[in-house]
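> show me the folded form of this:
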Amino acid sequence: GTTSGFLDMMMSWVCSLRRLQEFNNVLIAAFDVESYIYLYQQGMPVYMPQSALHLRNASGTQRAFHYGENTYKQITKLKSKAVLEILQHGRDVIWCDPDVVFFKAFQ
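Here you go, the predicted model:
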């Protein structure tokens, strides 16, 4: 999952998976409106988990949530809720943050 504060890292992650031809069956969780809109416009398979819709940063908006802020900590806790939402739709889930780099295809 990502917020607009980490979109550059998310796009790097996407490129890494595409290079390995492992971008099949990927769904990106957007934890703010800005990242959702950007990823959607880029043609990414993106959704905004219900559990993230209420989040606001310190200024009361859904702009970038940066590392260490209280909202960032809330997002970290919401990742498991996002996984649960997907599981409840009958899908399997392997969660991966965008700062994880894959060097070879999945086996």
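> Arg97 reaches Thr3, doesn't it?
Not quite, residue 97 is Asp, not Arg. No. If you go by Cβ atoms under 8 Å, Asp97 and Thr3 don't touch, sitting 11.6 Å apart. C-beta coordinates here come from the backbone N, C-alpha and C atoms, glycine included.
> okay, those two: which has more neighbours?
Taking other Cβ atoms under 10 Å, Asp97 and Thr3 do not tie; Thr3 has more neighbours (27 against 13).
> so the more buried one versus Asn24, what's the distance?
With the distance defined as Cβ to Cβ, to the nearest Å, Thr3 ends up 25 Å from Asn24.
> any stretches of this structure with poor pLDDT?
Scanning the chain with the threshold set as pLDDT under 70 gives 53-66, 107.
> just the helices in it please.
With helices called from DSSP state H, the chain shows them at 7-19, 33-41, 70-87.
> output the contacting helices and strands for the second one.
Applying 3 or more Cβ pairs under 8 Å, 6 or more residues apart in numbering; DSSP states H and E, we find helix 33-41 packed against helix 7-19, strand 46-47.
> so who does Phe23 touch?
By Cβ atoms under 8 Å, 6 or more residues apart in numbering, the contact list for Phe23 reads Val14, Leu17.
> now swap in Met9 and tell me
Residues near Met9 by Cβ under 8 Å, 6+ apart: Thr2, Pro98, Asp99.
> swap the cut-off to 6 Å and go again
Pro98, Asp99 (Cβ atoms under 6 Å, 6 or more residues apart in numbering).
> tell me how far Leu78 lies from Met48.
11 Å.
> also Gly90?
Counting by Cβ to Cβ - Gly90 and Met48 are separated by 20 Å.
> more crowded one of those two?
It is Met48, of Gly90 and Met48, that has more neighbours when counted by other Cβ under 10 Å, with 21 against 6.
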